[in-house]
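Q: Starting from these lines, generate the structure:
(2 chains)
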Amino acid sequence: MAEAQSMRAVKRRENLLGYLFLLPCLLFFGTFLFYPLFKSIVLSFQLTNPRGEAVAFAGLDNYASMFTSGTFLSTLKATVLFTLYTVPPGILIAFALACMTNARLPAMKSFQFIFSMPIAISAATGAVIWALLFHPSTGMLNYALGLLGISPIPWLVDPKWALISVSLMTVWMNLGFNFIVLTAGLQGISEDIYDSMKIDGAGPIRSAFSVLIPLLSPTLFFLLIVSVINAFQTFGQIHIMTKGGPMNATNVMVYQIYQEAFVNWRFGSASAQALVLFAIILLLTLLQFFWLEKKVHYQ
Amino acid sequence: MIIRTIKHLPLYAALAVCALAVLYPIIYTFSYALMTPSEAQAYPPNILPSGIYLKNFSDVLNLVPIDRFLLNSFIVSIAVVAGQLITSSLAAYAFAFIPFRGKSLVFSLFLSTMMIPWEVTIIPNYITIRTWGWMDSYAGLTVPFMASAFGIFLLRQHFLQLPRELLEAARIDGCGHFRIFAGIVLPTARPALATLAVYQFLNTWNMYFWPLLITNRDTMRTVQIGISMLKWEEAMSHNLVLGGVTLVLLPSLLTLVFGLKQLVRGITAGAVKG
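A: Purely as a prediction, here's the structure:
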């Protein structure tokens, strides 16, 4: 009897202790993640003054005006284009470099370090460096093109080139992350497979496509999802290099949200835009998950 | 060895070209940071400096308080890392070793935080910080990031791999959860704690959107915001801007040199950057 009672006391103590250990995290998550998520939903149905206080109930007006004004479609287009320019080339280049440095040869560790290096570059430092490289008259890129006899490109100042320029810098900046993930994936493939590839005698490119890509598909799948989500959340390099311009050519969704919220001080409609972006990211994640899950080859 | 290297000459040549292309923006930064003003303005542009001209660093420090930005970023990054190490290890211990009611529910609740992107929370968080009077303060820069689901899952995974007998023995000896946590689990989990620390240090160091929103005074700016101020100074010459960039870049590159292993472990643990 006394034993059962003490068992119950221990159980109660452990219940209490469990939540005591979780308390700090619960407090932080509650205050800075769950409450804001809920608050964003509330804000999106309201008209707010610059102090962020609700002044009137707006119903679905914030959502409706987003679609009728055309900003949503134009920012979505810029975001999708940016994703297409950065994600497939970024993964492809990193994959090629990871395959090349995966051989057991001297100096490969140094090359691996070099290709991992951009991981240390932040969007801000990268953007400042590349803004100088892109400078139309004094920049190194146009100077190099000139040496090759190519006429200068108006990198960041021409609406046709601005998004491509920002994408170029982003591919470089993300190379470190992509390279590290893919190299880890390649190192996870067993030696036997590399040996049999050698015996098979197929060329390096053939064997990369027929053997490595299927085996690497879980890694590629993870990288694709993370990269697309990252591309949809791009802000820093846009803010520094182009401020959404010229002529809204680089006005991606997060930049538009930033402008609406912290330049125009319209928290209501900015929240509505943020929630639509949230829905798109969630949908993309689920879509990729269900669509690709079937094709992914798990070892 | 030499014969093998010669056989792979085309591979090495291709790798060298790629390495040069990837490194070029960094080489460019460092070489311009060491050029004299007239060298930096020359056209056709110089590729490398003729000597080592260190005056750029003191000049740029006189124009923009980069030393202060660096100090701010250090304080903020270290505070966030310390906070996350404490909150994550406590929560991870509870999930790994304490049987309590509602565990799976709380666990999935924590898991769901990974699906909430930052742009949905940023407006209400901004309002919260402003209402609390935390604008332009270290508290405002750090407190919202003191807990992360990534940290909890990374540490829990590691805690679960500890030998069960070790903990059983401690319990038989009469150790309570706090003693086991501080005396046994934390010391043996040092590699995982280091992984989390390096990963979050770099993440916090590179943060841009949040410090942009909640700092207005120069004395509270972090390096990432400070460095973008260099770009707006149209009158500033390339050698000064890139001298500033070099000062900001060095700590990140040092983190990479000494913490690459931890960083790789953090990334391959399924981390989502940003």
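
Q: contacts, neighbours, all on C-alpha from now
A: Fine.

Q: From chain B, how far out is A:Asp61?
A: The span separating A:Asp61 from chain B equals 19 Å under the rule Cα to the nearest Cα, to the nearest Å.

Q: residues in contact with that residue?
A: When the contact criterion is Cα atoms under 8 Å, 6 or more residues apart in numbering or on different chains, the partners of A:Asp61 are A:Phe45.

Q: would A:Val157 count as being in a helix?
A: No - when classified by DSSP: H, G, I helix; E, B strand; the rest coil, A:Val157 is found to be coil rather than part of a helix.

Q: And for it, the neighbour number?
A: Counted with other Cα atoms under 10 Å in any protein chain shown, the burial measure for A:Val157 works out to 18 neighbours.

Q: For it, grab phi and psi.
A: Its backbone dihedrals place A:Val157 at phi -100, psi -10, with angles given as degrees, to the nearest 10.

Q: ok, the residue nearest to it when sequence neighbours are not counted - contacts?
A: Ranked by Cα to Cα, 6 or more residues apart in numbering or on different chains and with sequence neighbours excluded, the top spatial neighbour of A:Val157 is A:Pro246, at 6.3 Å. For A:Pro246, the contact set (Cα under 8 Å, 6+ apart) comprises A:156-159, A:162.

Q: make it 10 Å
A: A:156-163 (Cα atoms under 10 Å, 6 or more residues apart in numbering or on different chains).

Q: Next: A:Val157.
A: Taking Cα under 10 Å, 6+ apart as the test, what A:Val157 contacts is A:134-136, A:165, A:241-242, A:245-247.

Q: Quick check: the farthest pair among the contacts of A:Pro246?
A: Maximum pairwise distance among the contacts of A:Pro246 (Cα to Cα): 10.1 Å, between A:Val157 and A:Leu163.

Q: what do these two both touch?
A: When Cα under 10 Å, 6+ apart defines a contact, the residues bordering A:Val157 and A:Leu163 alike are A:242, A:245-246.

Q: Report the residue spans of chain A with pLDDT below the cut-off.
A: By pLDDT under 70, the weakly predicted segments of chain A are A:1-2, A:201-204, A:288-289, A:291-299.

Q: one more time with 50, if that's ok
A: Regions of chain A meeting the criterion pLDDT under 50 cover residues A:299.

Q: A:Val254 versus the most centrally placed residue in it, what's the distance?
A: What sits nearest the mean C-alpha location of chain A, by Cα atoms, centre = their mean, is A:Asn230, with 0.9 Å. The gap separating A:Asn230 from A:Val254 is 11 Å, by Cα to Cα, to the nearest Å.

Q: Pop the domain breakdown of the chain in here.
A: Looking at chain A here, since you left the chain open. Taking automatic domain parsing as the reference, chain A has its domains at A:2-43, A:71-122+A:174-293.

Q: wait, I meant chain B there
A: Domain assignment for chain B by automatic domain parsing gives B:2-54, B:59-268.

Q: And the strands in chain A?
A: Using DSSP state E, the strands found in chain A span residues A:46-48, A:54-57.

Q: tell me the most buried of those?
A: Across the strands of chain A, averaging neighbours per residue (mean count of other Cα atoms under 10 Å in any protein chain shown) puts strand A:46-48 on top, at a mean of 22.

Q: Excluding its own residues, what touches that one? List them.
A: Contacts of strand A:46-48 from elsewhere in the structure, counted by Cα under 10 Å, 6+ apart, are A:40, A:53-62, A:265-269, A:271-272.

Q: ok, and the closest non-adjacent residue to B:Ile78?
A: The spatial neighbour of B:Ile78 that comes closest, neighbours along the chain excluded (Cα to Cα, 6+ apart), is B:Phe201 at 6.8 Å.

Q: Output the contacting helices and strands for the helix or strand hosting the one you found.
A: Taking DSSP states H and E as the definition, one finds B:Phe201 inside helix B:190-205. In terms of contacts (3 or more Cα pairs under 10 Å, 6 or more residues apart in numbering or on different chains; DSSP states H and E), helix B:190-205 is packed against helix B:66-97, helix B:149-160, helix B:186-188, helix B:238-268.
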